[in-house]
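Student: Provide a 3D model corresponding to the input given below.
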Amino acid sequence: MKKKHIIAEFPEEIEKASVSFWYVKEGEEIEIGQNLIEFVTEKTSFTYVSPFSCKIIALLVKEGDEVMKNQKIAEVEIR
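Tutor: Numbering: from 1, shown residues only. The predicted structure follows:
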């Protein structure tokens, strides 16, 4: 299995957001397009979905953490 990082991809106008909550837990297997994490800013909230089918190895940010665009948020193992 190949290890990879998932990075925070935000809409163009957003540079940073806070983690509202994770839809997944470490050790969980998820499918491409499955809800991964909920982000919130002062003006909006949005859900980021998994870009691939994988197993979550480590969540690199916690609920309440501020995340910058393109920051690593999870380490995964690609199936």
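Student: Could you give the bridge partners of the nearest residue to residue 41 once chain neighbours are set aside?
Tutor: Computed as C-beta to C-beta, 6 or more residues apart in numbering, the closest residue to residue 41 that is not its neighbour in sequence is residue 17, at 4.9 Å. Every C-beta, even on glycine, is put in place using the N, C-alpha and C of the backbone. The residues listed as beta-bridge partners of residue 17 by DSSP bridges are residue 67.
Student: Please look at residue 17 and residue 40 and confirm they touch.
Tutor: Yes: taking contact to mean C-beta atoms under 8 Å, the distance of 6.3 Å between residue 17 and residue 40 places them in contact.
Student: higher neighbour count, the two?
Tutor: Here residue 17 and residue 40 are set side by side on neighbour count (other C-beta atoms under 10 Å), and the busier one is residue 17, at 24 against 13.
Student: Please tell me how far that one sits from residue 55.
Tutor: Separation of residue 17 from residue 55 (C-beta to C-beta, to the nearest Å): 25 Å.
Student: where along this protein do the strands fall?
Tutor: When secondary structure is read from DSSP state E, the chain shows strands at 2-7, 16-22, 29-30, 35-40, 45-49, 54-59, 66-68, 72-78.
Student: any chance of the ones you listed in a markdown table, plus mean pLDDT?
Tutor: Compiled in a markdown table, those are given as follows (pLDDT from 0 to 100):
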| stretch | mean pLDDT |
| --- | --- |
| strand 2-7 | 95 |
| strand 16-22 | 98 |
| strand 29-30 | 97 |
| strand 35-40 | 98 |
| strand 45-49 | 96 |
| strand 54-59 | 98 |
| strand 66-68 | 98 |
| strand 72-78 | 97 |
